[in-house]
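>>> Make a model of this:
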Amino acid sequence: MNKTFLSLIIILAAVIVVGSILGGKNGEVSEPLPESPGAVSDTILKLLPSFTASLYAKDLGNPRVMLWGPDGKMLVSVPNQGKVIALSDTDGDGFAETHEVVAGNLNKPHGLAERDGRLYIAETDQVAEYDYVDGKAVNKKKLFDLPGGGNHFSRTIMFMPYPNENKMLVSIGSSCNVCNESDERRAKILEYDFSTGKLAEFARGLRNSVFMAIHPVSGAIWATEMGRDNLGDDIPPDEINIISPSTGSGQSSVPNFGWPICYGKNIHDAEFDRSTYIRNPCMEPFEIPSYIDLQAHSAPLGLAFFPEEGWPEEYWYNLLVAYHGSWNRSVPTGYKIVRIKLNAKGEYLGTDSTSSPQAEDFITGWISGGKVYGRPVDIFIQPGGTIYISDDKAGVIYRVRYQETS
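You can find the predicted model right below:
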């Protein structure tokens with residue numbers, strides 16, 4: 001074998017090795033994460049001290065909403081495959097090696113909820129109730145229809161806390177970037193009353209509030225909100241809103257968060273709305289300003305509060321938010337989990353020379369060198385120091401653990 005031929009073999013072998021690492025089309029990295037369970041490389045995800053990340057499940061398609069099922073298995077909606085799956089870590093090694101279909105042939109399933117052993121699944125055009133038998137969703141019973149299609153397909157559901165636990169909230173995004181909707185159910189959070197079987201408005205003026213969470217002390221409903229596009233890199237802000245002030249407080253009217261004519265701290269969208277008004281078109285008490293403004297185009301999705309149980313006091317009541325990431329900004333933003341520091345009353349801790357930052361990066365690394373490796377979606381914060389995060393680009397669920405260091 002001459003030296004030239006040997007050199008060609010070596011070069012070819014190197015190309016094969018590099019190709020197996022990069023994978024994907026057009027040089028995109030399609031498998032940035034380890035093939036087997038274990039720690040996720042620090043070159044991929046950057047975590048705060050005392051936190052480690054591993055894969056809980058992989059090869060899931062585009063996993064979105066996570067829920068603990070009646071049998072203790074993690075249920076995950078997979079919209080692009082039209083199914084809900086159950087994940088099982090049968091050998092207890094922290095990696096779910098078993099994936100079972102709970103419900104299939106669904107129309108972009110997204111939201112999940114469970115109550116009294118029954119499973120509730122929100123498809124893009126309806127919400128249905130199922131019996132959960134031997135790990136399967138059976139005896140489908142449609143509760144109500146929803147408007148399908150449009151720019152925002154996801155429908156998320158959540159049962160309200162006591163004393164309104166017989167009511168379910170469902171979020172429906174707008175059909176457009178910015179417009180006057182023809183379907184009165186769009187750009188709102190609706191409330192379904194199981195005792196009457198009726199659907200009513202809970203909040204309006206919400207362009208795309210995909211995820212909701214219950215504050216652990218007040219019982220208030222919080223939600224992320226995606227601002228409109230095509231106004232520039234830094235406006236309008238994405239938002240976190242307090243949709244209801246507290247459990248059982250009641251509201252004299254349906255709260256209006258302003259879209260499509262208002263955004264952020266009640267800023268008028270004069271680019272879209274050129275009408276003239278007797279009053280300022282964006283002002284309290286008619287329109288409610290955002291509670292927290294976020295970087296525009298971050299695309300906030302999942303949000304979750306830290307409980308007291310099993311977490312250091314410095315994390316109690318703090319909020320984690322998943323930034324899915326921008327597609328329409330000259331310099332990409334998002335692709336990370338941020339921590340927003342709050343006290344027990346949900347009061348936002350500001351910035352000055354003596355206080356902690358308003359928000360800090362909690363996990364980063366999903367974008368690096370111009371390449372996007374993943375897009376975080378939903379967040380579970382469990383008592384005892386465990387966090388689960390779904391990623392609908394990498395097709396995985398991460399398991400993040402807190403371990404106090406000496």
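>>> Please count neighbours and contacts with C-alpha atoms only from this point.
Will do.
>>> List the residues that contact the residue sitting nearest the centre point of the chain.
With the centre of the chain defined as its mean C-alpha position, the nearest residue by C-alpha atoms, centre = their mean is Gly302, 2.6 Å away. When contacts are counted by C-alpha atoms under 8 Å, 6 or more residues apart in numbering, Gly302 is found next to 210-212, 224, 321-322, 377-379.
>>> Sort out for me which of the residues you listed are in strands.
The strands, defined by DSSP state E, take in 212, 224, 321-322, 377-379 from those.
>>> How many neighbouring residues does the nearest residue to Tyr373 once chain neighbours are set aside have?
Distance criterion C-alpha to C-alpha, 6 or more residues apart in numbering; nearest residue to Tyr373, sequence neighbours excluded, is Trp366 at 5.0 Å. Around Trp366 there are 24 other residues, counting by other C-alpha atoms under 10 Å.
>>> Tell me if I'm right that Trp366 and Asp392 touch.
No - counting by C-alpha atoms under 8 Å, no contact exists between Trp366 and Asp392, whose distance comes to 11.8 Å.
>>> residues shared between the contacts of those two?
Residues touching both Trp366 and Asp392 (C-alpha under 8 Å, 6+ apart): 374-375.
>>> mind listing the strands for the stretch 101-250 of the chain?
For the stretch 101-250 of the chain, the strands defined by DSSP state E, counting those that start in this stretch occupy 111-115, 118-123, 126-133, 136-145, 155-159, 167-172, 188-193, 198-204, 212-214, 221-225, 238-244.
>>> Identify the residues contacting the fifth one?
Residues external to strand 155-159 that are found in contact with it (C-alpha under 8 Å, 6+ apart): 109-113, 121-124, 165-173, 210-212.
>>> picking up where we left off before, distance of the residue nearest to the centre of the chain relative to Asp269?
Look at Gly302 and Asp269: by C-alpha to C-alpha, to the nearest Å, they are 26 Å apart.
>>> Surely Glu314 forms part of a helix?
Yes - counting by DSSP: H, G, I helix; E, B strand; the rest coil, Glu314 is located in a helix.
>>> Read off the pLDDT value for Ser368.
With respect to pLDDT, Ser368 scores 89.
>>> Contacts only, for Gly374.
For Gly374, counting by C-alpha under 8 Å, 6+ apart, the contacting residues are 335, 366-367, 391-394.
>>> Tell me where the model's unsure across this protein.
Along the chain, the model assigns pLDDT under 70 to residues 1-43, 246-252, 350-358, 406.
>>> can you pull out the helices in it?
Counting by DSSP state H, the segments of the chain that form helices are 3-22.
>>> Now Val400: closest residue in space that isn't a chain neighbour?
Distances taken as C-alpha to C-alpha, 6+ apart put Ala53 closest to Val400, at 4.4 Å, once the chain neighbours are dropped.
>>> Please report the distance of the one you found from Met66.
Ala53 sits 17 Å away from Met66, going by C-alpha to C-alpha.
>>> Which one's more surrounded, those two?
It is Met66, of Ala53 and Met66, that has more neighbours when counted by other C-alpha under 10 Å, with 26 against 22.
>>> I'd guessed the more buried one sits against Val76; true?
Yes - contact between Met66 and Val76 holds when scored by C-alpha under 8 Å: they sit 4.6 Å apart.
>>> right, so of the strands of the stretch 101-250 of the chain, which gets closest to Lys265?
Among these, the nearest to Lys265 by C-alpha to C-alpha is strand 238-244 (9.5 Å).
>>> ok, residues contacting the closest one?
203, 220-227, 255, 264, 290-300.
>>> Let's see that with 7 Å instead.
Under the contact criterion C-alpha atoms under 7 Å, 6 or more residues apart in numbering, strand 238-244 has outside partners 203, 220-227, 264, 290-299.
>>> quick one on the thing from earlier: tell me which of the strands of the stretch 101-250 of the chain lies nearest to Arg401.
Closest of the strands of the stretch 101-250 of the chain to Arg401 is strand 212-214, at 21.4 Å (criterion: C-alpha to C-alpha).
>>> partners of that closest one in the sheet?
strand 221-225 (antiparallel) (DSSP bridges).
>>> Give me the distance from the strand it pairs with to the chain's centre.
Relative to its parent chain, strand 221-225 has a centroid offset of 10 Å by C-alpha atoms, centre = their mean, to the nearest Å.
>>> Could you pull out the buried residues of that strand?
For strand 221-225, burial by neighbour count (16 or more other C-alpha atoms under 10 Å) applies to 221-225.
>>> wait, which of the residues you listed is closest to Glu314?
The shortest distance between Glu314 and any of the buried residues of strand 221-225, using C-alpha to C-alpha, involves Trp222 and amounts to 20.9 Å.
>>> wait, doesn't the closest one sit right on Ala213?
Yes - counting by C-alpha atoms under 7 Å, a contact exists between Trp222 and Ala213, whose distance comes to 5.3 Å.
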